[in-house]
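structure for the following, please:
(chains A, B, C and D)
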Number of protein chains: 2
Amino acid sequence: MGTTNEGERPPGPHPTGAAFLLAQLGAHAAKLFAERLVELDLTPPQGGLLRLLAGSPGRSQRELADDLGMPPSRFVAFADELERRGLIERRKNPVDRRLYAVHLTDEGGKVLAKLRKVGAEHERRMTEGLSEEEREQLTGLLRRLADRQGLSPGVHPGFRSVRAERSGRAERSGRRAGHREGVPGDGVGDGGSSM
Amino acid sequence: MGTTNEGERPPGPHPTGAAFLLAQLGAHAAKLFAERLVELDLTPPQGGLLRLLAGSPGRSQRELADDLGMPPSRFVAFADELERRGLIERRKNPVDRRLYAVHLTDEGGKVLAKLRKVGAEHERRMTEGLSEEEREQLTGLLRRLADRQGLSPGVHPGFRSVRAERSGRAERSGRRAGHREGVPGDGVGDGGSSM
DNA sequence: TATTGTTATACTCTATAACTATA
DNA sequence: TATAGTTATAGAGTATAACAATA
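Numbering: from 1, shown residues only, chains lettered A, B, ... in the order given. Model prediction:
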């Protein structure tokens, strides 16, 4: 095995398996997406919250924090920022006055629309070089793997290192039995809670 | 709509594109691999260094730090730990005495061998559910994407976090202990399955 | 003067644990 | 007593920059 070491590239044989490629491409995709989000002045978790609110408005901060994988204490400043920017709003729940109902504002809806556009572009950018058939082939295989690995759709534990100058991160996931809230008008281009 | 939904699964439509799946599966793969590495008392970057050293021994700390994507200042404590555990060693470069030549020790080679075994298992674990043909298909597609995205093989930037659980630091004094002249011949081939 | 290895400092980010107000 | 939201504190981890030795 030639272990000559001249250039800057990491020399020697490299891992080439699917697992490594997945990790590499996944980190790349997350990083690229985070960079695109900067245009909207959003971090991945922030984008994730907007998407979440579009899917099911009016939930409590604790629930949302759980979905985003952050402690409730951290969610406060997180939501403060977005509320200050007029993208979301807190409404007091009249029934249980301990709870807030978090909603998307009109402005938040506009930003979300842009977010989806960015997500769609990101999807194309990541799969460029593949034919339509190959793209479907790939997506199918990935979906099977994700299912096999028990990854629930919609949210994934975030990569860190996505320093888009603004803070924000997500990790950990608390899953429970499934039950969804069908809310119309949510196409969702792309963008996980933290991708 | 019911504000309080009992189910915790994020409601509403979810992103299903290849980009999202890549990020999700990539994070999952990295996390799973990191968990396996705990058995060897290694973090992903530590494993990465061992693999790097097997591929091309004797390089300078700066070079290695660059490959691992960490600032040279951080590499110092990073290497200190592995040297303390006897997995790597620093040898002074007689030609340019500013440089260290970092090498794998025999013990480090043994750990690397285990690391590769873990990597191979991880590869199987991540691709289970696919036929041999599908696995090759997937790997081929991923490799094309990685190439298209300009990702150089061997190292990826997803490294970070992953605490080393036990940290015996707080050594203010310089370590300046004797540098043992190591033995040449790190006969560790490479399989390259260490993410 | 430039570069390697190193140390020291400052800063960012985070979770943990109180504290309040409701229930 | 338990829970949602909040605040405050402390700790981990990081990069930045300064420094000494060598080129």
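
where do the helices of chain A begin and end?
Listed in chain order, the helices of chain A (DSSP state H) span A:18-37, A:44-55, A:61-68, A:72-84, A:106-127, A:132-148.

in chain A, what residue comes closest to chain B?
Closest contact between chain A and chain B, by C-beta to the nearest C-beta, is at A:G26 (1.3 Å). The way it works is simple: take the backbone N, C-alpha and C, and place the C-beta from them, glycine included.

how about the nearest residue to that residue, chain neighbours excluded?
B:G26 (1.3 Å; C-beta to C-beta, 6 or more residues apart in numbering or on different chains).

and A:V76, how far is that from DNA strand D?
4 Å (C-beta to the nearest atom of the strand, to the nearest Å).

can you pull the contacts of that residue?
For A:V76, the contacting residues are A:Q61, by C-beta atoms under 8 Å, 6 or more residues apart in numbering or on different chains.

one step back: hmm, the residue nearest to A:G26 is touching A:L25, no?
Yes: the pair B:G26 and A:L25 qualifies as a contact (C-beta atoms under 8 Å) at a distance of 6.0 Å.

residues from chain A in reach of DNA strand D?
Residues of chain A lying near DNA strand D by C-beta under 7 Å from any atom of the strand: A:60-63, A:72-73, A:75-77, A:79, A:90, A:98-100.

for PyMOL, what selects the buried ones among those?
In PyMOL, this line selects whichever of these come out buried by 16 or more other C-beta atoms under 10 Å in any protein chain shown:
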select buried, chain A and resi 60+61+63+75+79+99+100
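
near DNA strand C, from the residues of chain A next to DNA strand D?
A:73, A:98.

make CSV from the residues of chain A next to DNA strand D and add pLDDT to it.
Listed next are these as CSV, based on pLDDT from 0 to 100:
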residue, pLDDT
A:S60, 98
A:Q61, 98
A:R62, 97
A:E63, 97
A:P72, 97
A:S73, 97
A:F75, 97
A:V76, 97
A:A77, 96
A:A79, 97
A:R90, 98
A:R98, 97
A:L99, 97
A:Y100, 97
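
TSV for the residues of chain A next to DNA strand D, including distance to A:Q149?
Converted to TSV, the residues of chain A next to DNA strand D look like this (distance: C-beta to C-beta, whole Å):
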residue	distance to A:Q149
A:S60	29
A:Q61	30
A:R62	27
A:E63	25
A:P72	28
A:S73	30
A:F75	27
A:V76	32
A:A77	33
A:A79	31
A:R90	36
A:R98	37
A:L99	34
A:Y100	34
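
what's the closest of the residues of chain A next to DNA strand D to A:L21?
Nearest to A:L21 out of the residues of chain A next to DNA strand D is A:F75 (C-beta to C-beta; 34.2 Å).

that closest one touches A:R59, doesn't it?
No: the criterion here is C-beta under 8 Å, and A:F75 misses it with A:R59 at 11.6 Å.

skipping adjacent residues, who's closest to A:P153 in space?
A:P153's closest residue in space is B:H14 (C-beta to C-beta, 6+ apart), at 4.2 Å.

er, A:M126 I mean
B:A19 is the one closest to A:M126 (C-beta to C-beta, 6+ apart), at 4.2 Å.

just give me the neighbour total for that neighbour.
31 (other C-beta atoms under 10 Å in any protein chain shown).

tell me the buried residues in stretch A:107-125?
Within stretch A:107-125, the residues scored as buried using 16+ other C-beta under 10 Å are A:108, A:111-112, A:115-116, A:118-120, A:122-123.

that older thread, burial count for the residue nearest to A:P153?
The burial count for B:H14: 19, using other C-beta under 10 Å.

same question for the one 4 residues further on.
Residues near B:A18, counting by other C-beta under 10 Å, number 25.

check contacts around it.
B:A18 makes contact with A:123, A:126-127, A:135, A:138-139, A:142, according to C-beta under 8 Å, 6+ apart.

and the gap between it and A:D96?
Per C-beta to C-beta, to the nearest Å, B:A18 is found 41 Å from A:D96.

with A:E107 instead?
On the measure of C-beta to C-beta, A:E107 and A:D96 end up 27 Å apart.

same deal with A:K114?
Distance, A:K114 to A:D96, by C-beta to C-beta: 34 Å.
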